[in-house]
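A.B. asks: sequence first, predicted coordinates after that:
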Amino acid sequence: MERPRLPSRRALIAIALGAALLVTAVALWPRSDTVEGYAYPIPTSAEGNRIEILNGTDQRALARNGTRVLRAAGFDVVSFGNAPEPRDSTLILVRPSQPGLGDRLRRALGTGDVRPMEDSTAYVDATVILGRDYRLPEGLYP
């Protein structure tokens, strides 16, 4: 019985080099971290404020769209999701160590009742719970 012919050593080296070049090219290929007209880049805040935004309504994607508003205003929104219970009015909970943050968030959103955050172990500096009173700014569509 005849042994099957194996590729030559040169062919194997050429295939390995080609694969390595392909992997390197894909890893170094320039890419865009934002999608035009949809996402805003995550700002690098000099103050380092971390914001959480929650949807306290039955309107779909409100927290995601609120994230877009706050990121466009320069806030670092680190998470968004749904609130545990519905709210009629927007609530902004701020760590006591962050004076002025609640007022800046209220100006960016156009609404909100600012209160101190009771949970001192929270990872974020402020939690925004969007209520039924929140309206997206003109020109920003879901």
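C.D. replies: Arrived safely, thanks for sending.

A.B. asks: going by C-alpha atoms from here, please, whenever you check contacts or count neighbours.
C.D. replies: Fine.

A.B. asks: CA atoms of the worst-scoring helix or strand of the chain on mean pLDDT as PDB?
C.D. replies: Least confident element among the helices and strands of the chain, by mean pLDDT, DSSP states H and E: helix 9-28 (a mean of 88). The C-alpha coordinates for helix 9-28 follow below in PDB (Å, rounded to 0.1, in the frame of the first residue of the first chain):
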ATOM      1  CA  ARG A   9       7.500  21.700   4.100                       C
ATOM      2  CA  ARG A  10       7.600  24.900   2.000                       C
ATOM      3  CA  ALA A  11       3.900  24.700   1.300                       C
ATOM      4  CA  LEU A  12       3.100  24.300   5.000                       C
ATOM      5  CA  ILE A  13       5.300  27.300   5.900                       C
ATOM      6  CA  ALA A  14       3.600  29.400   3.200                       C
ATOM      7  CA  ILE A  15       0.200  28.400   4.400                       C
ATOM      8  CA  ALA A  16       1.100  29.300   8.100                       C
ATOM      9  CA  LEU A  17       2.600  32.600   7.100                       C
ATOM     10  CA  GLY A  18      -0.500  33.500   5.000                       C
ATOM     11  CA  ALA A  19      -2.800  32.600   7.900                       C
ATOM     12  CA  ALA A  20      -0.700  34.700  10.300                       C
ATOM     13  CA  LEU A  21      -0.800  37.700   7.900                       C
ATOM     14  CA  LEU A  22      -4.500  37.400   7.600                       C
ATOM     15  CA  VAL A  23      -5.100  37.300  11.300                       C
ATOM     16  CA  THR A  24      -2.800  40.300  11.800                       C
ATOM     17  CA  ALA A  25      -4.600  42.300   9.000                       C
ATOM     18  CA  VAL A  26      -8.000  41.600  10.600                       C
ATOM     19  CA  ALA A  27      -6.800  42.600  14.100                       C
ATOM     20  CA  LEU A  28      -5.200  45.800  12.900                       C
END
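
A.B. asks: which elements pack onto the helix or strand following that helix?
C.D. replies: Scanning the chain past helix 9-28 towards its C-terminal end, the next helix or strand to appear is strand 50-55 (assignment: DSSP states H and E). With contacts defined as 3 or more CA pairs under 8 Å, 6 or more residues apart in numbering; DSSP states H and E, the packing partners of strand 50-55 are helix 62-72, strand 76-82, strand 126-130.
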